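*Asks:* quick one, fold the following:
(2 chains)
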Amino acid sequence: MDLAASRRSRRSGILLFTLFFASIILLISSRLENEYMQSARGAFADLAAPVLEAASLPASMARRAFDRANAYLALFAELDRLKAENQRLQQVAWRAQGLERRISQMRTLLNAVDEPALGFASGRVIADARGPFARSMLLNIGAEQGVKAGYAVINEDGLVGRIVNSGERAARLILLSDLNSRVPVLVGPSAARAVLVGDNSSTMTLQFLPGDVTIYPGDEVYTSGHGGLFPRGLRVGVATEDAAKGLRVRAHAKMEELEYVSVLFFESPILVSKEADELISRSHSREENKLSGAAESEERRIRAAIRPSSRTR
Amino acid sequence: MSRGPALTDTAFMARTFPKLAVGLAIVVTAIPLGLPGDAVFALPLAAMMLVFIFSSFKVPPMRPWFVFLAGLVMDVLTAGPFGFWALVFLMAYCFGRAIAPYGPGLGPIGLWLAFIASACAIGACGWAVASLYFMRLLDPYPMGLGLAAVALAYPFVAWALERLVRIGQPAGNLSFRD
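*Replies:* This next block holds a predicted model:
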């Protein structure tokens, strides 16, 4: 009897040791960013998406009911605030129309090329994966809707983050506050260049600010477009002063309350040219023995297909 | 002569219910509940607390491989590196198993203190692993907040779960408290 118990205990010990060992191996593989793990994660996200979508509905409805109840309680104060805001916005709209006319005239004078219109797809947050390592969320849109890794994600308040992994019907976005998030930005009226860095807390920090620039609380932060990952001019947040951490940036988008977001189909110019070159070289090798005219038309077709403006939805 | 409750009820509450409870806790972790940024550890650590509670039964209703798989699912859903929550859950399982033989002698307060000590050790290990993974010292405040939340919730959750698991069981069958 004791012998059997001892055997069972030894077997259990070996199993536990194996599982601990497997966990550590998985951690190391994950650190090395094994591509099989990334694809497995994407596949699992696709599988889990329907379950998470169904599970998130009651929570979403409860949150909406709670927000609505709060809104009813503060209805009259909100009405006064909206009236004042409406008056201010009417003045801003009038000024904006004047500026738009002037910009249009100047662009005509300069013969400037128009920037391509950005396509987008909107989806719902179905899982909130804000764990110890990541501030990320799962969306119910994926490659089927044209979503790719690297695309910027916004909501009505401004930039939220970017897509890091896209399955067929679900995609994962990392938030600006994530430890791995780096966004090139411009700060304040002087448009000082900096990199917005997340550290898993509710506010972000600015790195690589030029030494001779002074940033004041309240200065606007928006994307610079450097590096080609994000379009220029997306609203990000506002500079704030933290007693303990110094200068920080608070995002305009409320990360805890995200429900619907839009993915911008903005292709990095570097990635586009690389992708196009690869496809073109493949096409050239296939068409080597064919007429040169056919290869040229193929090249034109591929370039047209990859151009971001062609993805407008 | 009373034949007692049906065997299927007993099997469900004693063996299947703990697995379902841990599974549900993992799914709830992923649902966008709008928790503030510093409270993100509370829900994953609540799942860890369930693993600890069920593992500290005389006859554990979960096998180590189930605990490991549950951790992996949590890793995927929280977008963390594979293996982190598997490691944390396995640690909770080991602490739970280590405390199981002393359960009847410890009493409710003793068990609570044992859980707090175990959770602090697991939290410290988790924080160290996370810091090592990212090669930087992570802010310990969210982890501390999560640990404080589960430490406060433990007596209520443990009491409720113990009663739920006992449903349909003859006295002295599975729970270590008997």
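
*Asks:* now for residue 94, how many residues are close by?
*Replies:* No chain was given, so I picked chain A. Residues within reach of residue A:94, counting by other Cβ atoms under 10 Å in any protein chain shown, total 9. (Glycine included, C-beta is placed from N, CA and C.)

*Asks:* not what I meant, chain B
*Replies:* The tally of other residues near residue B:94 (other Cβ under 10 Å) stands at 18.

*Asks:* what helix or strand is it located in?
*Replies:* If you go by DSSP states H and E, residue B:94 is part of helix B:84-99.

*Asks:* is that helix in proximity to chain A?
*Replies:* Yes - counting by Cβ under 8 Å from any Cβ of the partner chain, chain A is contacted by helix B:84-99 at B:84-87, B:90, B:93-94.

*Asks:* ranking those residues by neighbours, who comes first?
*Replies:* Neighbours here mean other Cβ under 10 Å. Within the residues of helix B:84-99 next to chain A, the largest count is held by residue B:85, at 30 neighbours.

*Asks:* contacting residues for it?
*Replies:* For residue B:85, the contacting residues are A:131, B:44, B:48, B:71-72, B:74-75, B:78, by Cβ atoms under 8 Å, 6 or more residues apart in numbering or on different chains.

*Asks:* ok, of the residues of helix B:84-99 next to chain A, which one's closest to residue A:60?
*Replies:* For those, the minimum distance to residue A:60 (Cβ to Cβ) is 24.7 Å, reached by residue B:85.

*Asks:* pLDDT wise, what is residue B:10 at?
*Replies:* In this model, residue B:10 is scored at 60, pLDDT.

*Asks:* burial of residue A:86, as a residue count?
*Replies:* Neighbours of residue A:86 under the rule other Cβ under 10 Å: 9.

*Asks:* and what about it, helix, strand or coil?
*Replies:* At residue A:86 the chain is in helix, as set by DSSP: H, G, I helix; E, B strand; the rest coil.

*Asks:* pull the contacting residues for it.
*Replies:* So residue A:86 contacts nothing (Cβ under 8 Å, 6+ apart).

*Asks:* state the mean pLDDT of the strand ranked longest in chain A.
*Replies:* When chain A is scanned for its longest strand (criterion: DSSP state E), the result is strand A:120-130. Average pLDDT, strand A:120-130: 82.

*Asks:* same list, the residues of helix B:84-99 next to chain A, but as CSV with pLDDT and distance to residue A:150 please.
*Replies:* Below are those laid out as CSV (pLDDT from 0 to 100; distance: Cβ to Cβ, whole Å):
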residue, pLDDT, distance to residue A:150
B:84, 90, 25
B:85, 91, 27
B:86, 93, 29
B:87, 94, 31
B:90, 94, 35
B:93, 93, 39
B:94, 93, 41
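
*Asks:* now the residues you listed in TSV, with distance to residue A:6?
*Replies:* Formatted as TSV, the residues of helix B:84-99 next to chain A follow (distance: Cβ to Cβ, whole Å):
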residue	distance to residue A:6
B:84	33
B:85	31
B:86	27
B:87	27
B:90	22
B:93	20
B:94	19
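
*Asks:* any residues of the stretch 151-300 of chain A in contact with chain B? List them.
*Replies:* Counting by Cβ under 8 Å from any Cβ, the stretch 151-300 of chain A sits next to chain B at A:172, A:174, A:177, A:179, A:199-202, A:255-259.

*Asks:* pull out the buried members of these.
*Replies:* Buried subset of these (neighbour count, 16 or more other Cβ atoms under 10 Å in any protein chain shown): A:172, A:174, A:177, A:179, A:199-202, A:255-256, A:258.

*Asks:* which residues touch residue B:119?
*Replies:* Counting by Cβ under 8 Å, 6+ apart, residue B:119 touches B:45, B:48-49, B:52, B:147, B:150-151.

*Asks:* and the gap between it and residue B:130?
*Replies:* Using Cβ to Cβ, to the nearest Å, one gets 16 Å for the distance from residue B:119 to residue B:130.

*Asks:* residue A:95 now?
*Replies:* Taking Cβ to Cβ, one finds residue A:95 at 49 Å from residue B:130.

*Asks:* okay, now residue A:78: neighbour count?
*Replies:* A count of neighbours around residue A:78, defined by other Cβ under 10 Å, yields 13.

*Asks:* how about it, nearest residue that isn't a chain neighbour?
*Replies:* Once flanking residues are discounted, residue A:78 sits nearest to residue A:71: 6.8 Å by Cβ to Cβ, 6 or more residues apart in numbering or on different chains.

*Asks:* name the SS class of the one you found, please.
*Replies:* Put simply, residue A:71 is helix when judged by three-state DSSP.

*Asks:* surely it and residue A:79 touch.
*Replies:* No - between residue A:71 and residue A:79 there is no contact under Cβ atoms under 8 Å: 10.8 Å.

*Asks:* ranges for the strands of the stretch 101-250 of chain A?
*Replies:* Secondary structure of the stretch 101-250 of chain A by DSSP state E, counting those that start in this stretch: the strands cover A:120-130, A:135-139, A:152-155, A:158-166, A:171-175, A:182-187, A:192-197, A:205-207, A:220-223, A:235-242, A:246-251.

*Asks:* flag the shaky bits of chain A, pLDDT-wise.
*Replies:* A:1-2, A:113-117, A:129-133, A:268-313 (pLDDT under 70).

*Asks:* assumed residue B:120 was part of a helix.
*Replies:* Yes - counting by three-state DSSP, residue B:120 falls inside a helix.

*Asks:* what's the local residue count around it?
*Replies:* Using other Cβ under 10 Å, residue B:120 has 13 neighbouring residues.

*Asks:* shouldn't it be in contact with residue B:147?
*Replies:* Yes - Residue B:120 is in contact with residue B:147 according to Cβ under 8 Å; the separation is 6.5 Å.

*Asks:* low-confidence stretches in chain B?
*Replies:* For chain B, the ranges with pLDDT under 70 are B:1-14, B:37, B:167-178.

*Asks:* which residue ranges of the stretch 1-150 of chain A form helices?
*Replies:* A:2-31, A:35-73, A:75-110 (DSSP state H, counting those that start in this stretch).

*Asks:* now for those, which one comes closest to residue A:229?
*Replies:* It is, among the helices of the stretch 1-150 of chain A and with distance given as Cβ to Cβ, helix A:35-73, at 18.3 Å.

*Asks:* go through the strand or helix carrying residue B:69 and flag the buried ones.
*Replies:* In the assignment (DSSP H and E), residue B:69 maps to helix B:64-77. Within helix B:64-77, the residues that count as buried by 16+ other Cβ under 10 Å are B:64, B:66-68, B:70-77.

*Asks:* count the residues that sit near residue A:227.
*Replies:* Residues near residue A:227, counting by other Cβ under 10 Å: 14.

*Asks:* that one and residue A:266, how far apart?
*Replies:* Computed as Cβ to Cβ, the residue A:227 to residue A:266 distance reads 12 Å.
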